[in-house]
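Asker: Just to be clear, the model below is a prediction. Sequence and coordinates:
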Amino acid sequence: MSTTIKIGVTDLSFHHVAASLVTNILQEMGFNVERIYSAHESNFKKLKSNEVDLLSSAWLPSSHGIYKADVEQVIQLIELGLHYEPYALWGIPDYVPESIVAEVSDLLKPDVVAKMKPDIQGINLGAGITRFSIKMMDEYGLSNVGYKFHTGTEEDCFGTFERAVANNEWFIVPLWKPQFLHYKYNIREIKEPKGLLGAVDRAVLLMPEDKKSLFTDEQIKTLDSLRFTNDIIAELDYQVCRNNKPLDEVTKQWLSSHFK
């Protein structure tokens with residue numbers, strides 16, 4: 001009888017992609033795999049309470065470091081693989097001239113305030129980009145000149161982006177790499193010299209030390225060998241989210257062509 005592995009997955013599309021890649025590998029090893037989708041912080045709480053065996057993918061050290069530290073109060077964790085190298089950003093469409101908006105402080109210019117959409121649509125409250133963006137609103141005094149930051153769903157954020165581009169509007173999107181919008185659109189990152197958006201993270205598979213016994217040394221080695229990139233995850237994410245292709249088929253096809 002096959003062992004069932006429960007993977008905690010942050011409930012955002014690009015996290016689904018990375019977890020699907022891992023799932024396919026585990027299934028090839030002979031495991032049954034159950035994916036449990038949760039919001040950022042809840043995902044780590046389930047790892048801490050032993051509701052899941054693995055977590056894919058943790059962004060370390062910036063975005064998810066505080067959640068990992070909480071888990072490690074009771075469980076020693078092992079980091080495996082390098083799924084991609086994510087980072088948070090504030091972006092604007094590339095038709096906004098860089099000579100006018102190059103960094104966050106430029107958003108305070110009266111002529112920019114007059115033209116830029118005041119509403120900045122983010123995602124859920126527990127996301128690193130949301131925490132960082134809320135702090136940026138305060139540190140730069142953006143609320144004082146009329147900007148408003150909103151939390152919401154993925155589609156709130158991405159749909160707002162796509163509609164604004166279709167209308168050739170000036171707007172700000174709090175985003176990250178990898179994400180499927182980067183596959184289709186040219187999104188220019190605006191500079192944030194205060195470092196409030198965190199560093200470039202490592203996206204890794206987290207395994208509690210006591211779960212190592214479920215795997216052979218060779219299987220651990222395989223999981224640790226998984227290497228993808230921001231561009232790969234963004235492309236696969238686009239195939240699923242905008243071309244409506246089945247997630248596990250997309251990732252299985254990619255693995256069959258690229259991972260030996």
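Answerer: That came through, no problem. Predicted model, so just to flag it, every value in this text is computed and none were measured.

Asker: ok, and for stretch 45-54, which residues are buried?
Answerer: 45-48, 52-54 (16 or more other CB atoms under 10 Å). (Glycine included, C-beta is placed from N, CA and C.)

Asker: Reduced to three states, what does residue 174 come out as?
Answerer: Under DSSP: H, G, I helix; E, B strand; the rest coil, residue 174 falls in the strand class.

Asker: circling back: let me know the closest of the buried residues of stretch 45-54 to residue 142.
Answerer: Among the buried residues of stretch 45-54, residue 45 lies closest to residue 142 (CB to CB), at 31.7 Å.

Asker: Among the buried residues of stretch 45-54, name the ones in helices.
Answerer: Counted as lying in helices by DSSP state H, out of these, are 45-48.

Asker: Format these as a markdown table; extra columns: distance to residue 199.
Answerer: Formatted as a markdown table, these follow (distance: CB to CB, whole Å):
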| residue | distance to residue 199 |
| --- | --- |
| 45 | 24 |
| 46 | 26 |
| 47 | 23 |
| 48 | 24 |
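
Asker: What I need now is those residues written out in CSV, including pLDDT and distance to residue 146 for each item.
Answerer: Formatted as CSV, these follow (pLDDT from 0 to 100; distance: CB to CB, whole Å):
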residue, pLDDT, distance to residue 146
45, 97, 37
46, 98, 40
47, 97, 41
48, 97, 41
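
Asker: From those, pick the one nearest residue 6.
Answerer: Distances from residue 6 to those, taken by CB to CB, are shortest for residue 46, at 8.6 Å.

Asker: all strands for the stretch 1-150 of the chain, in order.
Answerer: Applying DSSP state E, counting those that start in this stretch to the stretch 1-150 of the chain gives strands spanning 4-10, 32-38, 54-60, 77-84, 87-93, 119-121, 148-150.
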